[in-house]
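In: whatever this is, show me its structure:
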Amino acid sequence: MRWSPGIGDPGFAGWLTVVAYAVAAVFSLTLATRRDRQTLERTFWAVAGAGLLFLSVNKQLDLQSFLTAAGRCTAQMQGWYDMRRTVQADFIIGLIAMAIIGGTVVFWLLRRTIRRTGIALLGLVWITGFVLVRAVGFHDVDRMIGFRLAGMRLNWVFELGGIAVFILGCVVALSVRRPPRSGY
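Out: Numbering: from 1, shown residues only. Okay, here's the model as predicted:
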């Protein structure tokens, strides 16, 4: 297994991504503490904030590389390393499906709060899908997201784009107040 702890992405874009995840987490955790939110909505913001905080730290710890190395080692020990491309492709399809299904379930649960949570949820599904696919370490995907467009790697565009959509959703949520309850 070829992995050792260290800084995973020491360049400017890597640290910018760390800061972007941290900012998104602060926005989300701020929304989780708002009293004008329903319990389910506050739970969404708290779980999203904790997840984004983890991704901020993980961006430099590079734990997904550890998982990739462990998977490679397991495939070699169990004798299916030559079939890894098929397994990786199936795994990526499964991860994308899980992100979409999970996002749909959360969307349904939050349907009454969608004006305040919808954009952030879209960003969170985007980030989750990207991170899960990236964690698989499929070389064709790595080559694609390593492609440079106007001097920027697609990896940065995808990851920072999802974070930006989430932060935009947080800004919208902070500006939209929950309507007062009628009756009772």
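In: so A173 touches T30, yeah?
Out: No. Using CB atoms under 8 Å, A173 is not in contact with T30; the gap is 9.6 Å. (C-beta placed from N, C-alpha, C; glycine too.)
In: between the two, who's got more neighbours?
Out: A173 (26 against 14; other CB atoms under 10 Å).
In: give me the neighbour count for the residue lying closest to that one once chain neighbours are set aside.
Out: The shortest distance from A173 to any non-neighbouring residue, by CB to CB, 6 or more residues apart in numbering, is to R116 (4.3 Å). The number of residues packed near R116 is 26, by other CB under 10 Å.
In: how far does the helix or strand in which R116 is found sit from its chain's centre?
Out: Here R116, judged by DSSP states H and E, is contained in helix 114-136. Distance of helix 114-136 from its chain centroid, counting by CA atoms, centre = their mean, to the nearest Å, is 5 Å.
In: do stretch 28-41 as well
Out: 20 Å.
In: same check on stretch 101-111?
Out: Centroid displacement of stretch 101-111 relative to its chain, using CA atoms, centre = their mean, is 16 Å.
In: so how far is E159 from the closest residue to V176 other than its chain neighbours?
Out: Using CB to CB, 6+ apart and skipping residues adjacent in sequence, the residue nearest V176 is R116, 4.9 Å away. For R116, the distance to E159 equals 24 Å [CB to CB, to the nearest Å].
In: tell me who's in contact with I114.
Out: By CB atoms under 8 Å, 6 or more residues apart in numbering, the contact set of I114 is F107, L121.
In: I163: how many residues sit nearby?
Out: 26.
In: ok, now how distant is it from A173?
Out: As judged by CB to CB, I163 and A173 stand 15 Å apart.
In: again with V131
Out: Distance from V131 to A173, by CB to CB: 22 Å.
In: how about the helices in this structure?
Out: In the chain, the helices defined using DSSP state H lie at 12-32, 39-61, 63-78, 84-109, 114-136, 139-146, 154-175.
In: and the last one, what other elements does it pack with?
Out: For helix 154-175, the elements it packs on are helix 12-32, helix 39-61, helix 114-136, helix 139-146, judged by 3 or more CB pairs under 8 Å, 6 or more residues apart in numbering; DSSP states H and E.
In: out of the ones you listed, nearest to G94?
Out: Proximity to G94, assessed across the helices and strands packed on helix 154-175 by CB to CB, is greatest for helix 114-136 (9.3 Å).
In: and the angle from the closest one to helix 12-32?
Out: Computed by axes from the mean of the first three to the mean of the last three CA atoms, to 10 degrees, the angle separating helix 114-136 from helix 12-32 equals 140 degrees.
In: buried residues, helix 114-136. List them.
Out: Across helix 114-136, burial judged by 16 or more other CB atoms under 10 Å covers 116-136.
In: cool, and stretch 104-117?
Out: Buried-residue list, stretch 104-117, by 16+ other CB under 10 Å: V106, L110, T113, R116, T117.
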